[in-house]
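**Student:** can't give you the sequence, but here's the structure:
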């Protein structure tokens, strides 16, 4: 399982903007990346998934399946895959992934291990109290999980195992994006479903 996690500025920005758009809700999304070795994963992108139906497994799994299908249709040279889950809790003091988040991560781990593309899955929990503070470092708390785990708990990793290139500049840029209202540009799977249902009702 990966012991070193590198998060691209793009992925970090999407995670933070998703959390900023729905500050009163738990938000959850998918982490897309590449395995560079048995002990390291590079997270290159994030896919906002849900903010409403966070306890409904079917909604999350459908969104996950669509994302996986999209990645699978890419060029064979593109080795990106879903490597984990991110979660920003609605409650400020929460520092661990929810049971629903762990279940989704376990599902991802099972798919990856069956395909022999990865071992386990990564979970990044947003520490909301540090979200926009460059002086405190990035706001991600890393966890890992194996599909063989028999518990609903993920293993906590040292915060130092998660690396954000050019950290201070990235945090400053993301904070500026939040202040400018760019979080409103984030569209997750929940919004897609609601829009689709509304269109069906209108027609």
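**Tutor:** It's in. Keep in mind it's a predicted model, so treat the numbers as computed, not measured.
**Student:** mind checking how far the helix or strand where residue 174 lies is from the chain centre?
**Tutor:** Per DSSP states H and E, residue 174 falls inside helix 167-179. On the basis of CA atoms, centre = their mean, to the nearest Å, helix 167-179 sits 18 Å off its chain's mean C-alpha point.
**Student:** how much space separates residue 172 from residue 20?
**Tutor:** Relative to residue 20, residue 172 is positioned 15 Å away (CB to CB, to the nearest Å). (Glycine included, C-beta is placed from N, CA and C.)
**Student:** got it, and residue 97?
**Tutor:** For residue 97, the distance to residue 20 - CB to CB - is 19 Å.
**Student:** the two: who's more crowded?
**Tutor:** The neighbour comparison of residue 97 against residue 20 (other CB atoms under 10 Å) goes to residue 97, with 26 against 23.
**Student:** who's in contact with that one?
**Tutor:** 85, 87, 105, 123, 125, 143, 154 (CB atoms under 8 Å, 6 or more residues apart in numbering).
**Student:** can you tell me the closest non-neighbouring residue to it?
**Tutor:** Leaving aside its sequence neighbours, residue 97 sits nearest to residue 123 (CB to CB, 6 or more residues apart in numbering; 4.8 Å).
**Student:** how much space between residue 105 and residue 83?
**Tutor:** 10 Å.
**Student:** same check on residue 3?
**Tutor:** 14 Å.
**Student:** those two: which has the busier surroundings?
**Tutor:** Comparing residue 3 with residue 83 by other CB under 10 Å, the one with more neighbours is residue 83, at 26 against 13.
**Student:** now the strand or helix carrying that one: average pLDDT?
**Tutor:** Secondary structure assignment for residue 83, by DSSP H and E: strand 81-88. The predicted model gives strand 81-88 an average pLDDT of 94.
**Student:** stretch 165-179 too?
**Tutor:** Mean predicted confidence for stretch 165-179 is 93.
**Student:** neighbours around residue 96, how many?
**Tutor:** With other CB under 10 Å as criterion, residue 96 counts 16.
**Student:** what do you get for the one 10 residues further on?
**Tutor:** Residue 106 sits with 21 neighbouring residues when counted by other CB under 10 Å.
**Student:** can you check the one 3 residues further on too?
**Tutor:** The number of residues packed around residue 109, counting by other CB under 10 Å, is 25.
**Student:** cool, residue 73 as well?
**Tutor:** Per other CB under 10 Å, the neighbour tally for residue 73 reads 8.
**Student:** who does the most centrally placed residue in the chain bridge with?
**Tutor:** With distances taken as CA atoms, centre = their mean, residue 86 lies nearest the centre of the chain, 2.7 Å away. For residue 86, the beta-bridge assignment (DSSP bridges) gives partners residue 29, residue 124.
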